[in-house]
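*Asks:* Okay, sequence plus prediction incoming.
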Amino acid sequence: MQPAGRQTVADLALQTDAIGTRPVTDRSRVLAKLRLSDIAFRSLTRAAAVLVLLLLSGVIVSLVLGSWPALSKFGPGFLVSERWNPVTENFGALAPVYGTLVTSFIAMLIAVPVGLMIAMFLTELCPQFLRRPIGIAIELLAGIPSIIYGIWGLFVFAPFLQDTLQPFLINVFGNVPVLSAMFAGPPYGIGMLTAGLILAIMVLPFVTSISRDVFSAVPPVLKEAAYGLGCTTWEVARNVVLPYTRVGVIGGVMLGLGRALGETMAVTFVIGNAHKVSASIIAPGTTISATIANEFTEAVGDIYTSSLIALGLILFVITFIVLAFARYLLLRIERRIG
């Protein structure tokens, strides 16, 4: 027997082994925790991605099922018919689709060059003390609710166009063979041209902000080398800045186009909400979003409701085609660069 309080050599050896293995045990626990956190992170990100796919699939299935009664009744003629008569339940999507494409085209025709010029001015020519105020003004335009644009367009912008711009366009292009049809009719103030101009104002901040950011990312050494070779500011912008940033510029343009295609309230206020196809851009018209917003609460009957859902499906397909085309352009640019 050993006196109490004394330790044998075996006891000391066991304590030494325990002390030596403790760091190994702690390291194993830390690695296990890291492994568990990594597994949890992967699971959460995978679940988020799957959730997006499920939501998208749910939207597509809902649109297809909801629009099936109208599509099965009218067939392909639904896309080419101009008639929209809730009383006789005779519906066609041509007028809303036409109005959506025309107003979006007018908006992008104005917003893209103006937005690129503003972005180029801010990054290349603007004095330093003006860059921040102009940038804040652009961000404020992007933050204004669409209904405010609609109210301003209806009560301020449309009367201005009715009294000034539209009579001027009618007088100037009234006798020109092709353009006379585009500006025919009385100056109502409201119409597809007004809606396109309002959309251009709404889209402009998106195109400008994204273009400004990508222009600012151009390495200064490239521009300095061009200036050193004697290039002017226009030549630097055309041959250096735009080719270097074309992927980002296309992305900004497509983002603005998506906003223009899906805009509802502002367009509803100023387009006139007339279900007809007219060659004149100053004539009243309608869009897919405006038609759905105006008539969905009043839709009575399965065919009426299904026709409105079918318009939503068409808008979804148009947006998908636009995004797919943008992706195709970006892939071509990447292959050409690579």
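*Replies:* Nice, thanks for sending it over. Bear in mind the structure is a predicted one, so any value in this text is a computation, not a measurement.

*Asks:* and Phe91, bridged to which residues?
*Replies:* Trp84 (DSSP bridges).

*Asks:* now it: how far from Ser81?
*Replies:* Separation of Phe91 from Ser81 (Cβ to Cβ, to the nearest Å): 7 Å. For the C-beta atoms, the positions are set from N, CA and C on the backbone; glycine is no exception.

*Asks:* Tell me how the chain divides into domains.
*Replies:* Domain ranges of the chain: 1-73, 75-337, per automatic domain parsing.

*Asks:* Dump whichever helix or strand Leu257 is part of to PDB, keeping only the CA atoms.
*Replies:* Take DSSP states H and E as the rule and Leu257 turns out to sit in helix 246-262. Output in PDB follows, covering the C-alpha atoms of helix 246-262 (Å, rounded to 0.1, in the frame of the first residue of the first chain):
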ATOM      1  CA  ARG A 246     -20.300  46.300 -73.200                       C
ATOM      2  CA  VAL A 247     -21.300  43.300 -71.100                       C
ATOM      3  CA  GLY A 248     -22.400  45.500 -68.200                       C
ATOM      4  CA  VAL A 249     -24.100  48.000 -70.600                       C
ATOM      5  CA  ILE A 250     -26.200  45.200 -72.100                       C
ATOM      6  CA  GLY A 251     -27.100  44.000 -68.700                       C
ATOM      7  CA  GLY A 252     -28.300  47.500 -67.700                       C
ATOM      8  CA  VAL A 253     -30.300  47.900 -70.900                       C
ATOM      9  CA  MET A 254     -32.000  44.500 -70.400                       C
ATOM     10  CA  LEU A 255     -32.800  45.500 -66.800                       C
ATOM     11  CA  GLY A 256     -34.400  48.700 -68.000                       C
ATOM     12  CA  LEU A 257     -36.300  46.800 -70.700                       C
ATOM     13  CA  GLY A 258     -37.700  44.400 -68.100                       C
ATOM     14  CA  ARG A 259     -38.900  47.300 -66.100                       C
ATOM     15  CA  ALA A 260     -40.500  48.800 -69.100                       C
ATOM     16  CA  LEU A 261     -42.300  45.600 -70.100                       C
ATOM     17  CA  GLY A 262     -43.800  45.000 -66.700                       C
END
